Every structure is written in structure tokens, then in C-alpha cells.
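Novice: This is the structure alone, sequence omitted:
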């Protein structure tokens, strides 16, 4: 059985790294979308575009190491986290931060065009309150990331504040404005609003708690599953542990909540559609 976790972090400096990947594999996991964490987490200052570029290269190396040294097939997603833009703007000024982050995202696009990554992300808006100017430029940067993804025909993974139906519709307007294919825009940490996401042209990546996935599957199987595992020994198992997606998938199949068709759709067909990867 193929089982993919759509949003998984690794951190050789603060976390379990390969051991976390092996825990995922031992639980039945086979494929990972490994998402860039932050330049700071990877040991870079995060004060200019070059710092983010070096951090992206480092991230690609981590993904290559997973593919060499474990049985799991991993794919890289690279970008600049909105909290990194916020930090840079507060330290170096808004205009400088905008320009440096956009330059770094162009490098992320280059990595996708070279086949080293399958998506740009996570990018978007801070999940906490920020000054209005930072909020507005965050939206500008998010749209720019969508434009870059559109031109490269790759996916973009979005990090945002907590979402509801109204915010999904707002995101749908940005997607129409940019003209990106709707199934290429992934809402990471999505609530189980599968029908609304489909209607507005967003692909939901749903945190794999029992409650969330039970609610999602009632509306159909057009979604991805994720743990948002952050790989930090100081916060073990946060957000969800590395074994969660395989365990939840197998449990729901055994209990008849998922059909075999659902599992194939969620873990094979949907990732293929979003990322263009053959699983």
C-alpha cells in the first residue's frame, strides 16, 4: 500500500531526522513531501536572499539523503516561510524584506524547473497577528509565489492563519487573479472543508487527526493527508507524530471509513495531479 504524508519537516540540528523518517516507514509510510523549515532552523541567519537560497540547497541535500539512506521516497518543497519574511521586515525594513524574499522565491522556482523540488512552499501569511503593512506585503508575496509556480507548472504550498469558508473564498479570488491551475495550490494545515476547497479551486492538505479525516471523507476524497511533523526534540510529536498518516490510513481502511479506492485516490492520484509525480 502506498501512503504519502504531504507536509513533513526534517531537522538534523534539532530533531530526529532520519530516525523520524524510519518511524514513518516502519508504520507503513512510503512517500514524503518534505517541506523546507526555516533558514534559522538550518543554521543560516535568514537576513538576505542568499541565506534562504543556501537553506534551500541544504534542504535539497537532506531530501537526497533520505532517498539514499532510507526506503522512503521523498520529494522536496522549497520556499520562504511567512514568519521569515516578518522577521526580516522587522529587522531590515519592509522594502528590503520584500525584495530579498521575492529573489529567494525565484531561486525556489529554479529548483523546481531543474527537477530538484516539486513545489514552492511553504509561503503565505503569518498565522499570528502582524502590522497591517506586513500583512499586505505577505499577500503580495503569496501571489508572486503563485505566479512563479504557474510559470513553472509546479505546486505551491500555502501557510496561512486559521481558515474558514470565507477565507477559502478569498484565496479562490487570488487563484483566479493569478490564473494558476486550481489543483496546483495546496492549503497546508487545511480544515476539512473539502467541498468548499474544490469549489474555489484549492487543494486541501488536511491535518490527519481522526476528527478531521472523518469529516473530510464524508465530503469526498479530493484531499491530501499531512502531519505537519516539525521534527524538534523540544516538542516531540508536534504537530502530529511521524507515524500518524500511515496508522490513520490503515485504521480507517480496516474500519471501513476509507475504501481501497479512497486510499488510492488520496495517496497516489491526488499527489500525482498536484505535483506531477509518478508514484
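Specialist: That came in fine, so what should we check first? Every value quoted in this text rests on a predicted model; they were computed, and no experiment measured them. Residues are numbered from 1 along each chain as shown.
Novice: Residue 61: neighbouring residues, count only.
Specialist: 13 (other C-beta atoms under 10 Å). Quick note: C-beta positions are derived from backbone N, CA and C, even for glycine.
Novice: same question, residue 173
Specialist: Neighbour count of residue 173, defined by other C-beta under 10 Å: 11.
Novice: just residue 256 next, same as before
Specialist: Here the count is done by other C-beta under 10 Å, and residue 256 has 7 residues near it.
Novice: same thing with the one 3 residues further on?
Specialist: Residue 259 is flanked by 13 other residues according to other C-beta under 10 Å.
Novice: what sits against the closest residue to it other than its chain neighbours?
Specialist: Distances taken as C-beta to C-beta, 6 or more residues apart in numbering put residue 253 closest to residue 259, at 7.8 Å, once the chain neighbours are dropped. Residue 253 is in contact with 259, 260, 262, 263, counting by C-beta atoms under 8 Å, 6 or more residues apart in numbering.
Novice: same thing with residue 62?
Specialist: Contacts were defined as C-beta under 8 Å, 6+ apart; by that measure residue 62 touches 10, 12, 17, 34.
Novice: Mind doing that once more with 6 Å?
Specialist: Contact criterion C-beta atoms under 6 Å, 6 or more residues apart in numbering gives residue 10 as the residues in contact with residue 62.
Novice: for residue 192, same thing?
Specialist: Taking C-beta under 6 Å, 6+ apart as the criterion, residue 192 is in contact with 206, 212, 215, 216.
Novice: Can you tell me which of the residues you listed are buried?
Specialist: Burial of the contacts of residue 192 was assessed by neighbour count (16 or more other C-beta atoms under 10 Å); the buried members are 206, 212, 216.
Novice: So the last one sits against residue 194, correct?
Specialist: Same thing as residue 216. Yes. Under the contact definition of C-beta atoms under 6 Å, residue 216 touches residue 194, with a separation of 5.1 Å.
Novice: shared neighbours, the two?
Specialist: Residues touching both residue 216 and residue 194 (C-beta under 6 Å, 6+ apart): residue 223.
Novice: So which of the buried ones among the contacts of residue 192 are in helices?
Specialist: Using DSSP state H, the subset of the buried ones among the contacts of residue 192 located in helices is 212, 216.
Novice: Please tabulate the buried ones among the contacts of residue 192 in a markdown table and include pLDDT and distance to residue 199 as additional columns.
Specialist: Compiled in a markdown table, those are given as follows (pLDDT from 0 to 100; distance: C-beta to C-beta, whole Å):
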| residue | pLDDT | distance to residue 199 |
| --- | --- | --- |
| 206 | 97 | 16 |
| 212 | 97 | 19 |
| 216 | 98 | 15 |
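Novice: just the buried ones among the contacts of residue 192 now: which is nearest residue 273?
Specialist: Here the nearest of the buried ones among the contacts of residue 192 to residue 273, counting by C-beta to C-beta, is residue 206; it sits at 16.0 Å.
Novice: For the closest one, give me its contacts.
Specialist: Contacts of residue 206 by C-beta under 6 Å, 6+ apart are 190, 192, 212, 216, 223.
Novice: What's the local residue count around the closest residue to residue 222 other than its chain neighbours?
Specialist: The shortest distance from residue 222 to any residue other than its chain neighbours is 5.4 Å, reached at residue 198 (C-beta to C-beta, 6+ apart). Residue neighbour count, defined by other C-beta under 10 Å, stands at 18 for residue 198.
Novice: Which residues does the strand or helix carrying residue 198 contact?
Specialist: Following DSSP states H and E, one finds residue 198 within helix 194-200. The contact list for helix 194-200 (C-beta under 6 Å, 6+ apart) reads 165, 168, 169, 172, 204, 216, 219, 220, 222, 223.
Novice: Go again with 10 Å.
Specialist: The list of residues contacting helix 194-200 from outside it, by C-beta atoms under 10 Å, 6 or more residues apart in numbering, reads 163-176, 182-183, 185-187, 190-191, 193, 202-206, 215-223.
Novice: one step back: now the residue nearest to residue 259: how far from residue 262?
Specialist: 8 Å (C-beta to C-beta, to the nearest Å).
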